[in-house]
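Participant: Starting from these lines, generate the structure:
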Amino acid sequence: MQSSPATAQPSPDTRQLRRVALSGLLGTAVEFYDFLVYGTVAALVFGDLFFPKADPAVGTIAAFGTFAAGYVARPLGGIVFGHFGDRIGRKSMMLLTMALMGCGSFLIGVLPTYDAIGVWAPVLLVALRLVQGIAIGGEWGGATLMVVEHAERTQSGRRGMWSSFTMLGAPLGSVLSAGMVTLVSTLPDDQFRAWGWRVPFLLSIVLLAVGLFVRLKVAESPLFAQVKREPQEKPPVVEVLRRPKPVLMACGVGIGAFTAQSLLTGFMISYAVDHGYSRSQVLTAVTIASCVALLVLPAASALSDRVGRRPVVLAGAVASAALAFPVLALVDSGSPGLLILALALGHGVAQSTMYGPLGALLTEMFGTRVRYTGASLGYQAATLVGAGFSPLIASSLLASYGGGSTPVSLLLCGGAAVTALTVWRLRETRTNALEHPELRSVTPTPEGTPR
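Facilitator: Below is the predicted model of the structure:
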């Protein structure tokens with residue numbers, strides 16, 4: 001009887017790629033958990049706890065203003081950690097950003113409120129948000145580049161699929177944060193305001209330990225190891241900004257996804273609660289929508305390996321614009337079931353389709369020498385414009401115009417339109433070879449050939 005052939009064992013490069021992908025998933029999930037817990041809790045109680053002298057509408061705006069502060073710091077984090085990531089290495093920056101993020105989140109959990117220390121409470125809250133923003137500004141670039149650059153060696157035709165592990169950190173972090181806040185929000189209201197809101201922040205120290213343990217076991221990017229031996233005279237940010245078009249295009253591509261993410265998660269919590277939903281109903285809807293995103297996002301990323309990044313992102317942008325008014329109408333219906341459907345369609349499907357291919361797309365737009373800086377700066381600028389100010393603008397418009405969901409729908413449409421127009425001008429990046437050390441062209445010539 002003939003014996004069956006031995007099962008083929010994965011190569012050392014493939015095993016390392018799997019380890020790096022797991023590291024990217026767990027690391028970004030921890031980072032986004034920390035960042036999104038703030039957005040969720042800010043929507044529920046931070047207006048009262050840290051800005052009690054303001055009327056309710058102004059308190060909500062102020063709470064989202066501190067939320068925006070974290071986004072303002074993200075491009076700075078992209079520049080700082082991008083510089084050292086392109087000079088020293090990807091792995092060391094990944095470890096440092098995670099440590100900063102986890103410690104910043106833990107300190108928010110022990111921060112005294114306005115009643116205890118007065119004006120220093122919001123001042124310290126903003127300072128810690130800036131620390132979080134700087135940390136996460138460097139996190140995404142390091143984690144994504146590590147996965148995609150490792151995939152280039154053995155899985156170059158599936159860079160989109162492998163990059164989705166890092167991108168999954170956002171919805172997974174959203175599930176974890178919404179689930180944890182849902183759990184503590186079952187406490188009586190006085191206990192939730194007194195100490196319950198602190199629990200999700202304090203638990204971040206446990207997640208930090210797990211994430212650092214995993215990341216310590218990954219190897220440095222092989223593409224970075226090649227270019228590190230070559231001299232680099234100018235700082236990476238100078239090289240990137242000397243030819244700013246790729247960064248501007250990277251920013252434009254991401255604006256729609258981040259506008260939808262911000263408005264349909266953190267902002268939607270306060271909006272829906274103000275329209276009669278209970279906290280648990282809204283958090284359940286956000287959790288279910290994030291679970292849908294966990295399925296759609298890798299599917300969209302894998303599809304971009306077959307048909308290209310551009311058509312997938314463009315399809316998500318068109319869907320987001322088309323669903324903007326129906327989604328808000330479903331939310332305004334007052335039905336918990338329709339609220340779940342609205343967030344599942346708007347966030348779980350349309351936003352995830354735009355967001356999924358971004359990791360591979362932005363990585364492929366820059367050469368190895370400046371890839372950490374360029375991809376991080378473009379990505380974080382998109383988060384600042386799309387996500388950082390959207391809740392603040394939406395809250396201000398709702399307060400000015402006496403309610404009504406039209407301003408929120410128009411913001412969703414505007415973000416999707418920016419992404420669609422940018423993608424229309426972008427050349428396809430799926431076939432770009434990542435070994436090239438220099439910046440890449442991103443727009444087609446009038447004749448349709450790459451510059």
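
Participant: which residues does the residue lying closest to residue 170 once chain neighbours are set aside contact?
Facilitator: Leaving aside its chain neighbours, residue 170 sits nearest to residue 32 (5.0 Å; criterion: CB to CB, 6 or more residues apart in numbering). Any C-beta I mention is one placed from the backbone N, CA and C, and that applies to glycine too. Contacts here follow CB atoms under 8 Å, 6 or more residues apart in numbering; on that basis residue 32 touches 136, 169-170, 172-174, 177.

Participant: Turn those residues into JSON lines, including pLDDT.
Facilitator: Formatted as JSON lines, the contacts of residue 32 follow (pLDDT from 0 to 100):
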{"residue": "136", "pLDDT": "82"}
{"residue": "169", "pLDDT": "85"}
{"residue": "170", "pLDDT": "82"}
{"residue": "172", "pLDDT": "88"}
{"residue": "173", "pLDDT": "85"}
{"residue": "174", "pLDDT": "81"}
{"residue": "177", "pLDDT": "84"}
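
Participant: Name the member of these with the shortest distance to residue 409.
Facilitator: Of all those, residue 174 has the smallest distance to residue 409: 21.6 Å, by CB to CB.

Participant: Quick check: that closest one touching residue 265?
Facilitator: Yes: Residue 174 lies in contact with residue 265 (CB atoms under 8 Å); the separation is 6.1 Å.

Participant: overlap in contacts of these two?
Facilitator: Shared contacts of residue 174 and residue 265 (CB under 8 Å, 6+ apart): 36, 286, 290.

Participant: Looking at the residues you listed, which one is closest to residue 247?
Facilitator: Nearest to residue 247 among the shared contacts of residue 174 and residue 265, with distances taken as CB to CB, is residue 36, at 25.4 Å.

Participant: Tell me how many other residues surround the closest one.
Facilitator: 25 (other CB atoms under 10 Å).

Participant: try residue 186
Facilitator: Neighbour number of residue 186 under other CB under 10 Å is 11.

Participant: any idea which element it lies in?
Facilitator: Under DSSP states H and E, no helix or strand contains residue 186.

Participant: Residue 283 versus that one, what's the distance?
Facilitator: According to CB to CB, to the nearest Å, residue 186 and residue 283 sit 10 Å apart.

Participant: what do you get for residue 144?
Facilitator: Applying CB to CB to residue 144 and residue 283 gives a distance of 28 Å.

Participant: neighbour count winner among those two?
Facilitator: The residue with more neighbours, out of residue 144 and residue 283, is residue 144; 29 against 24, by other CB under 10 Å.

Participant: for the closest residue to residue 187 other than its chain neighbours, what are its contacts?
Facilitator: Excluding the flanking residues, the one nearest residue 187 by CB to CB, 6+ apart is residue 196, at 4.4 Å. Shown in contact with residue 196 (CB under 8 Å, 6+ apart): 184-185, 187.

Participant: shaky segments in the stretch 151-300 of the chain?
Facilitator: 154-156, 227-233 (pLDDT under 70).

Participant: what about the spatially most central residue of the chain, which helix or strand?
Facilitator: Nearest residue to the geometric centre of the chain (CA atoms, centre = their mean): residue 170, 5.3 Å. Assigning secondary structure by DSSP H and E places residue 170 in helix 169-184.

Participant: now residue 147
Facilitator: Assigned by DSSP H and E, residue 147 belongs to helix 120-154.

Participant: and that helix, how far from the chain's centre?
Facilitator: In terms of CA atoms, centre = their mean, to the nearest Å, the gap separating the centre of helix 120-154 from the centre of its chain is 9 Å.

Participant: Go through it and flag the buried ones.
Facilitator: Using 16 or more other CB atoms under 10 Å as the test for burial, helix 120-154 gives 121-122, 124-154.

Participant: Same question for stretch 194-207.
Facilitator: Buried-residue list, stretch 194-207, by 16+ other CB under 10 Å: 196-201, 203-204, 207.

Participant: Quick check: residue 42 is in a helix.
Facilitator: Yes: assigned with DSSP: H, G, I helix; E, B strand; the rest coil, residue 42 falls within a helix.
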